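Participant: Starting from these lines, generate the structure:
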Amino acid sequence: MADEQERPPLRPDAVRPRPYVDPVHDRTVHPVDPTGVREGDIMRVIDRDRCVYGRVKRITPDCNSLTLENILEPDLGDEVVNGHEKIAGMTSADYYAETVKVSRTLMSDILVAVINKPLTVFFVKQDGQERLLRGYSMGGKVRMGRSNCVDLECKPDDNIRQADHRTLKYLITGGVRYELKP
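Facilitator: Sure, this is the predicted structure:
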């Protein structure tokens with residue numbers, strides 16, 4: 001599948017943030033490992049009363065600081081995030097520490113549940129074309145329907161897309177890549 005490039009391995013000497021169970025959705029979540037962040041990754045940082053969705057422009061060699069290009073509000077300028085703990089507290093549409101095989105029904109349930117959290121979803125459109133969407137979900141319909149998503153790789157005035165649950169191939173969110181069981 002030519003849907004994404006293989007990510008380089010994480011640095012073996014790095015201290016990894018520990019996974020935890022999301023009590024609301026009862027699934028494992030992996031905090032972002034700063035050594036796993038790459039330029040071009042889509043991430044979200046919540047700082048005080050502000051939520052910024054951005055694309056990583058730069059990350060320092062020690063992975064202790066990164067600069068996000070503000071995607072939705074570019075007039076506000078770039079956002080600089082300093083410190084491993086602060087970076088680990090961010091959420092990413094690209095980073096994952098674990099791959100889990102799940103049914104399409106469970107993948108659909110997860111997609112419906114992760115409102116406003118960065119994600120990557122790969123599915124087949126109604127016309128048969130494969131689609132890779134990197135953004136966040138605005139909410140979904142019932143199980144095995146469609147979710148309205150903001151595609152952060154499209155222009156802000158034309159970035160609402162629907163992800164079809166019936167044709168999901170994989171989903172990345174919360175540090176986990178969910179793939180279909182064979």
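Participant: For stretch 36-51, the averaged confidence score.
Facilitator: Averaged across stretch 36-51, pLDDT comes to 92.
Participant: Can you get me a residue count around the nearest residue to Pro118 once chain neighbours are set aside?
Facilitator: With C-beta to C-beta, 6 or more residues apart in numbering as the criterion, Pro118 has its nearest non-adjacent residue at 3.8 Å, and that residue is Ala93. Backbone N, C-alpha and C define where each C-beta goes, glycine included. If you count neighbours by other C-beta atoms under 10 Å, Ala93 ends up with 24.
Participant: Over to Thr120?
Facilitator: Neighbours of Thr120 under the rule other C-beta under 10 Å: 22.
Participant: That one: what's it in contact with?
Facilitator: 4, 42, 93-94, 132-134, 170-173 (C-beta atoms under 8 Å, 6 or more residues apart in numbering).
Participant: Inside strands: which ones of these?
Facilitator: Here DSSP state E is the test, and the contacts of Thr120 give 42, 132-134, 170-173 as lying in strands.
Participant: Make CSV out of those residues and add distance to Lys117 and neighbour count.
Facilitator: Below are the ones in strands among the contacts of Thr120 laid out as CSV (distance: C-beta to C-beta, whole Å; neighbours: other C-beta atoms under 10 Å):
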residue, distance to Lys117, neighbour count
Ile42, 11, 23
Leu132, 17, 16
Leu133, 14, 23
Arg134, 12, 23
Tyr170, 16, 20
Leu171, 11, 25
Ile172, 11, 22
Thr173, 6, 24
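Participant: Out of the contacts of Thr120, flag the one nearest to Arg50.
Facilitator: Ile42 (17.1 Å; C-beta to C-beta).
Participant: right, and that closest one touches Lys117 too?
Facilitator: No: using C-beta atoms under 8 Å, Ile42 is not in contact with Lys117, being 11.2 Å away.
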